[in-house]
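Asker: Need coordinates for the below:
(chains A, B and C)
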Amino acid sequence: MTVAKESSLRSTLPGAYYTSPAMYEIEKEQIFARSWICIGRGDALEDAGHVLTAEVAGESILVVRDRSEQLHAYFNVCRHRGTRLCTSASDAVGSTIRCPYHGWTYGLDGRLLAAPNLKEMPDLEKALYGLHPVALASWGGYLWVCLDESAGPLAGQPDSQLDAQLVQRLGSLDVMAAYGLEDLAVARTITYDVAANWKALVENFTECYHCPTIHPELTTAVPEFASGYGSISGGRWHGAELGQEMAGFSRSGRATRPPLPGLTGGAERLFYGVILLPNVFLILVPDHVAFFRIEPVSAGETRVTCDWLFERAALADASFDPGDAVELLDITNRQDFSACERCQLGMGSRTFRDGGVLVPSEHLIADFYSYLARALGLPDEEPWPVAPDGLRN
Amino acid sequence: MTVAKESSLRSTLPGAYYTSPAMYEIEKEQIFARSWICIGRGDALEDAGHVLTAEVAGESILVVRDRSEQLHAYFNVCRHRGTRLCTSASDAVGSTIRCPYHGWTYGLDGRLLAAPNLKEMPDLEKALYGLHPVALASWGGYLWVCLDESAGPLAGQPDSQLDAQLVQRLGSLDVMAAYGLEDLAVARTITYDVAANWKALVENFTECYHCPTIHPELTTAVPEFASGYGSISGGRWHGAELGQEMAGFSRSGRATRPPLPGLTGGAERLFYGVILLPNVFLILVPDHVAFFRIEPVSAGETRVTCDWLFERAALADASFDPGDAVELLDITNRQDFSACERCQLGMGSRTFRDGGVLVPSEHLIADFYSYLARALGLPDEEPWPVAPDGLRN
Amino acid sequence: MTVAKESSLRSTLPGAYYTSPAMYEIEKEQIFARSWICIGRGDALEDAGHVLTAEVAGESILVVRDRSEQLHAYFNVCRHRGTRLCTSASDAVGSTIRCPYHGWTYGLDGRLLAAPNLKEMPDLEKALYGLHPVALASWGGYLWVCLDESAGPLAGQPDSQLDAQLVQRLGSLDVMAAYGLEDLAVARTITYDVAANWKALVENFTECYHCPTIHPELTTAVPEFASGYGSISGGRWHGAELGQEMAGFSRSGRATRPPLPGLTGGAERLFYGVILLPNVFLILVPDHVAFFRIEPVSAGETRVTCDWLFERAALADASFDPGDAVELLDITNRQDFSACERCQLGMGSRTFRDGGVLVPSEHLIADFYSYLARALGLPDEEPWPVAPDGLRN
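Answerer: Numbering: from 1, shown residues only, chains lettered A, B, ... in the order given. This next block holds a predicted model:
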């Protein structure tokens, strides 16, 4: 069942990497518990005491805005007996976070303020029982957390998680900056529950080899994609031109809005797809941005939350209707996720034990494999070990 | 994430003890398959041939009353090919138990009487294929079984399972005896399916530190509980006085019935909570008793069956209505079980890997940990091993 | 709990063989991935391009008829990235099988014909990426596949899977041949989802010791079965006479059709039950044949698809109604599967850890155990190892 030596094609990961619950657990620890993970919109927490919860690497994380507008993230776990402090996705507390079981009370800065019947507890000891903090950062209007205290910064430095990827894929930070992501507002959100491994979604987003087969609408909008080479050249994503008939990236081909104000030098007619590993995809088009948040749920399940972002001013305009733009990408998303689900069904086969193959136009996927190899501590070379250390099934 | 040495607080069990399926299996074998387990009411089996089935430590157990009123318990498994003999919770058989698959027929005393086509089978050989017996005892009107043939008695001796606990917690057997539990009758039963580990329920019942936070109705009825110290002093449960406005333990504060006839010396105004490990809780109040039967279902699920027991004579009284009494405890139960479910959600966090802490008013929980340590063969000392032998996840 | 040495009865398999997910995985690999497995009717694929999919040992298998009426079976997995090629149970393709994800295109003979953007791919390299073939054969109007390329033939040789079993059980191939199975047509199909291990169904079909207990209708139709000895003598199934009142094997006792034309020498009045391990049961009666296809779904779940087959001419006859015949066997099937489900419930008990016992009239079951021992590489002797190598729970 192994691919004969004569093949000129590179290998994919072995099948178990996509289907094994043990591999999923390893990735949860090695990747999702050690990287900056996007958990949602920053504007969900406008006022002091507003709380948002999210799940990262199997952990419930609580984010709260304090009276001085500072945001804090904590493990959503009382230090006394382990009670989950907040059980809803969004909530509002007063000036403290109080455990609903025994009443241990924390400041919005995480310090233990009071524990019933422990009034004599010295401050020195209280300091032992503050909420466990989680690193928090904002970028592009979104909140990101990192469970690993020793991780580097999210952005703002050349080797930071986002800057390094943006420069590698787009050539500079300027391409991204022109869209003014942090100033855009959400016009529509669609959540997709996909019965496929999160890595299958990354691979799907990385290559356009499937575009001529499954995306008739997309390849009409961006004719270059009909070639199957997508917008990748020299290891980078370049902007792909919209079709001549397309005034905007929408189902009808009409522009929904004028181009975003920062776009110059031709970007007013380009389409970019960008992946910010491990859990964000971006689509950049002239008049809007689509922001995909990827949440692995199990080895074979992934939740995708896709926001369509437009200029904040558009949302105040009574005549604004994002439906035409949403429709084109929503159709494309459903085509992609359906393909990933079919792929997931086959990747458990014994004939896929050693994986499949990548054609040349899919070679950027191998960069993703290098990323995984670094994260999992594997040698970055083919053949991939079918069962990496700790991978039980 | 570990609690610094300076802490004066004792530790709880590590998080995995509450969430790990492997620990659940260990407890099933080491505790539930070796202890006397309450399985239901004795009066469910009034006539000869009446059958009751129950699940203990993953085993279906069959209890039957014979012609001489003797009760017998057996594994509910045919010795021929393993068929489950009785599939309903209660049933009636004639003078024999006949396997519905191939017709092997057992006396109510468990002896194999006949097997089709094996008429020549000598009695000597038939003796090899009687139903596997299970130890059975009655106490307080309830049936208890023990899968371990070498276990000591349920009650009636100082070191028996019930007597030892009653004396340790109440000071003597007399406190309990005064309620005449075995003569009471069930007026109401409510079953609660709780998404929490059984030990979280034991801990919740053991401490009243949560009472001021979650039990406004209970602390009105028993004002002493508002202190958070509950009815524990010197390692024992003492009776807690009902509030002055409370003529009885009920939602309205009215007495449902006169005090039980055996109560003297002040017990007519007291509330006792009693745990009879591993699977019974009792609430003793002046005019009734609540009997909780705890059935672990999985690491994170527990079924609780709560009976409200009154004098048998009350049930014959047309004006008798237990609803007011039931309502107060039912409200309290729901508050407790909801808190346990919130606690369960957090105990799987990596920040709870080494567990949480016990405040001084919770120290009786440490006695429960000692009980567990003995049962599981662990050293009874902190820190608890995060992964005891055989604990896989 | 072990059976004492004095017993003259043979042992069944240990309980875990019927309940353990690990044993189920072992059997999937050692038995179902190495034997010829019946997957459905051949006439489901009448025309070129017709496709049928089936699951064997956890693998999706695709069968297709080509332009020269030849049938081919393949793993239903694209060689490129592992996509499942066909997702419905039956489908029709044109002259090629095209992967719906990236468009890799295979001939109906399995050869890779084209891959987008790889036009320069030399034929030598294309040969590396044909669909993985699966051995395919027809017998009795049914399709059978075998995942193991080194397996012997399905039929037509003395040591082939079917011939060896038919001769051993019926004495010669002639008994079976007389029914002209390959020329019969399906009049009715009923699918049963049974909550029991597949081996419990094999054992149930092998012995008639249960017949007097659970099959009043069957023992009326075939009085010999009331003895509990079924139609087994000397290690073989003989034909059992229909009751004198029975003109045919049906609920009413009326014949549905004249006897099948090939039947002579008394077979016009006989009932045969035949097992063709590992996944087919047959009931042969004068005017029809019932064909059971057994699909293990998990350790405790099995799907049975039962076809009632009559002469093809009957189906063209407007007055033909198979209902009376179907009813008798359907009643019997439901009785059997219900008994298997009760048996499954008990086989997980610790008292069944070493298994139960076989009475003399069940001894043909021991031949099935020998078959299992050979397949699993175990010594064919009692006591069976409770945990064979690799059996984890």
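
Asker: what are the phi and psi angles of the residue lying closest to A:Leu263 once chain neighbours are set aside?
Answerer: Distance criterion CB to CB, 6 or more residues apart in numbering or on different chains; nearest residue to A:Leu263, sequence neighbours excluded, is A:Ala178 at 5.4 Å. C-beta: built from backbone N, CA, C; applies to glycine. Main-chain dihedrals, A:Ala178, degrees, to the nearest 10: phi -60, psi -20.

Asker: per-residue confidence for A:Leu118?
Answerer: pLDDT, A:Leu118: 85.

Asker: Now it: closest residue in space that isn't a chain neighbour?
Answerer: Take A:Leu118 and drop its neighbours on the chain: the residue closest to it by CB to CB, 6+ apart is B:Val359, 5.8 Å away.

Asker: what's around that neighbour, how many residues?
Answerer: 22 (other CB atoms under 10 Å in any protein chain shown).

Asker: what do you get for A:Thr191?
Answerer: By other CB under 10 Å, 10 other residues sit near A:Thr191.

Asker: Can you check my assumption that it lies in a strand?
Answerer: Yes: counting by DSSP: H, G, I helix; E, B strand; the rest coil, A:Thr191 is found in a strand.

Asker: per-domain residue ranges of chain A.
Answerer: Following automatic domain parsing, chain A resolves into domains at A:37-146, A:161-351.

Asker: At the contact with chain C, which residues of the stretch 51-200 of chain A appear?
Answerer: Residues of the stretch 51-200 of chain A that fall close to chain C, judged by CB under 8 Å from any CB of the partner chain: none.

Asker: can you give me the strands in the stretch 51-200 of chain A?
Answerer: Taking DSSP state E, counting those that start in this stretch to define them, one finds strands in the stretch 51-200 of chain A at A:59-65, A:71-75, A:90-92, A:96-98, A:105-107, A:112-114, A:133-139, A:142-146, A:184-194.

Asker: mind listing what the fourth one pairs with, with the direction of each?
Answerer: According to DSSP bridges, the neighbouring strands of strand A:96-98, each with its direction, are strand A:105-107 (antiparallel).

Asker: can the domains of chain A go into a markdown table with extra columns for distance to B:Arg350?
Answerer: Below are the domains of chain A laid out as a markdown table (distance: least, CB to CB, whole Å):
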| stretch | distance to B:Arg350 |
| --- | --- |
| domain A:37-146 | 7 |
| domain A:161-351 | 17 |
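
Asker: circling back to that earlier point, which of the strands of the stretch 51-200 of chain A has the lowest average pLDDT?
Answerer: Among the strands of the stretch 51-200 of chain A, strand A:90-92 carries the lowest mean pLDDT, a mean of 88.

Asker: Off-centre distance for it?
Answerer: 23 Å (CA atoms, centre = their mean, to the nearest Å).

Asker: what lines up beside it in the sheet?
Answerer: Neighbouring strands of strand A:90-92 in its sheet, by DSSP bridges, are strand A:50-56 (antiparallel).

Asker: Name the residues that touch the partner strand?
Answerer: Strand A:50-56 is contacted from outside by A:32-33, A:37, A:39-40, A:44-45, A:60-65, A:76, A:86-93, A:97, A:143, A:145, A:147, A:295, using CB atoms under 8 Å, 6 or more residues apart in numbering or on different chains.

Asker: same deal with stretch A:328-341?
Answerer: Contacts with stretch A:328-341, where a contact means CB under 8 Å, 6+ apart, come from A:190, A:192, A:194-196, A:200-201, A:204-205, A:210, A:214-215, A:217-218, A:221, A:249-251, A:283, A:290, A:304, A:306, A:308, C:83, C:100-101.

Asker: go on, stretch A:243-257?
Answerer: In contact with stretch A:243-257 (CB under 8 Å, 6+ apart) are residues A:217, A:220-223, A:242, A:271, A:285-288, A:310-311, A:314, A:320-322, A:324-325, A:327-329, A:331.

Asker: hang on, the earlier thing: pull the number of nearby residues for the residue nearest to A:Leu263.
Answerer: Around A:Ala178 sit 16 other residues, with neighbours defined as other CB under 10 Å.

Asker: what about it, distance to C:Arg169?
Answerer: Between A:Ala178 and C:Arg169 the distance is 79 Å, computed by CB to CB, to the nearest Å.

Asker: picking up where we left off before, these two touch, right, the residue nearest to A:Leu118 and B:Ser7?
Answerer: No: judged on CB atoms under 8 Å, B:Val359 makes no contact with B:Ser7 at a distance of 11.1 Å.

Asker: A:Gly107 - nearest residue in space that isn't next to it in sequence?
Answerer: Once flanking residues are discounted, A:Gly107 sits nearest to A:Leu113: 5.3 Å by CB to CB, 6+ apart.

Asker: contacting residues around the one you found?
Answerer: A:Thr96, A:Thr105, A:Tyr106, A:Gly107, A:Lys126.

Asker: Run through the bridge partners of the third one.
Answerer: Right, the one you point to is A:Tyr106. Beta-bridge partners recorded for A:Tyr106 (DSSP bridges): A:Ile97, A:Leu112.

Asker: which residues sit in contact with it?
Answerer: A:Thr96, A:Ile97, A:Arg98, A:Cys99, A:Leu112, A:Leu113, A:Gly130, A:Leu131.

Asker: Next up, the contacts around the last one.
Answerer: The reference is to A:Leu131. A:Leu131 is in contact with A:Leu62, A:Tyr74, A:Phe75, A:Val77, A:Arg79, A:Ile97, A:Tyr106, A:Gly110, A:Leu112, counting by CB under 8 Å, 6+ apart.

Asker: State the distance from the second one to C:Val194.
Answerer: A:Tyr74 sits 50 Å away from C:Val194 when distances are taken as CB to CB.
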